[in-house]
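Chemist: Okay, predicted coordinates and the sequence, questions at the end:
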Amino acid sequence: MSLVRRIARPLLAAPFIFEGVQTAIRPDRVLDALPITIADIDEQVSKSPLPTDAETILRAAGGLAAVAGAAFALNKKPRLASATLLLTTTVGLAGRKRVWELKGTERTEELRAIAGDLGLLGGILLAAVDTDGKPSLAYRVDKAIERAQKSAAEKQRELEKAAKKNKKKSSKSLDELDRTLAKKIKSAA
């Protein structure tokens, strides 16, 4: 791993770890800011076999974000960890900001916070597609196919050349056999 990635990943992961831990410890701070009521969340989630109260779901999402942030910072499955962070943070961001109800400096501060969150999401999005300097799987498959096609074409040329050589050789042998037979027939007659 490059030195830049070694430094950048923990720095990028820090806010996600902090927010995840805070949400897991105190989900009520997120619940209070949700634009929909807890009853609406509970009603939607109660249809699934998973825990149905919004507080438990927020704790789980916060814990998941903290673990994904730590995994990303430690370079353990960084693409999966960053994709998990992207998912948990995007859902949290979409449900947490109520800019339309705010006025004046409070609205400006909230918009600034949203811009910062979006910047972090951009960084995590880049990290999710970062292959750490290695070509992607699709690129490697394409190159393997190209090599196989080139090798097959080369083998085909070799086989065609060998077939042409064998045809010439067999034609020469048949001509010699014809002459030998013709001589034997003449001498026998």
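Modeler: Ah, there it is. Nothing here was measured: the structure is a model prediction, and the numbers come from that model. Numbers count the residues shown, from 1 in each chain.
Chemist: C-alpha only now, for contacts and for neighbours.
Modeler: Fine.
Chemist: Quick check: what element follows the lowest-mean-pLDDT helix or strand in the chain along the chain?
Modeler: Lowest on mean pLDDT, DSSP states H and E among the helices and strands of the chain sits helix 38-45, with a mean of 60. Moving toward the C-terminus from helix 38-45, the next helix or strand (DSSP states H and E) is helix 54-73.
Chemist: Report the mean per-residue pLDDT for that next one.
Modeler: Mean pLDDT, helix 54-73: 84.
Chemist: got the contact list for that helix?
Modeler: 9-14, 16-28, 30-31, 38, 41-42, 51, 77-79, 81-82, 84-85, 88-89 (Cα atoms under 8 Å, 6 or more residues apart in numbering).
Chemist: Can I get the buried part of those as one PyMOL selection?
Modeler: A single PyMOL command is used to select the members of the contacts of helix 54-73 judged buried by 16 or more other Cα atoms under 10 Å:
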select buried, resi 9+10+12+13+14+16+17+19+20+21+22+23+24+27+30+31+41+42+78+79+81+82+84+85+88+89
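Chemist: can you tell me which of the contacts of helix 54-73 are in strands?
Modeler: Judged by DSSP state E, strands contain none of the contacts of helix 54-73.
Chemist: so what pLDDT did Glu158 get?
Modeler: At Glu158, pLDDT is 93.
Chemist: Go ahead and list the helix or strand containing it.
Modeler: Per DSSP H and E: helix 137-188 holds Glu158.
Chemist: At the geometric centre of the protein, which residue do we find?
Modeler: Closest residue to the average C-alpha location of the chain: Val129 at 5.6 Å, with Cα atoms, centre = their mean.
Chemist: CA atoms only: put stretch 122-137 into CSV for me.
Modeler: In CSV, the C-alpha atoms belonging to stretch 122-137 read as follows (Å, rounded to 0.1, in the frame of the first residue of the first chain):
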residue,chain,number,x,y,z
GLY,A,122,-17.2,11.7,-2.4
GLY,A,123,-14.0,10.5,-0.8
ILE,A,124,-15.6,7.3,0.3
LEU,A,125,-17.0,6.8,-3.2
LEU,A,126,-13.5,7.2,-4.7
ALA,A,127,-12.2,4.7,-2.1
ALA,A,128,-14.9,2.2,-3.0
VAL,A,129,-13.7,2.0,-6.6
ASP,A,130,-10.0,2.4,-5.8
THR,A,131,-8.1,-0.8,-6.8
ASP,A,132,-4.9,0.2,-5.0
GLY,A,133,-2.9,0.6,-8.2
LYS,A,134,-3.9,-2.9,-9.5
PRO,A,135,-6.0,-3.3,-12.6
SER,A,136,-9.7,-4.1,-12.1
LEU,A,137,-11.0,-7.6,-12.6
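Chemist: Brilliant, that's me finished.
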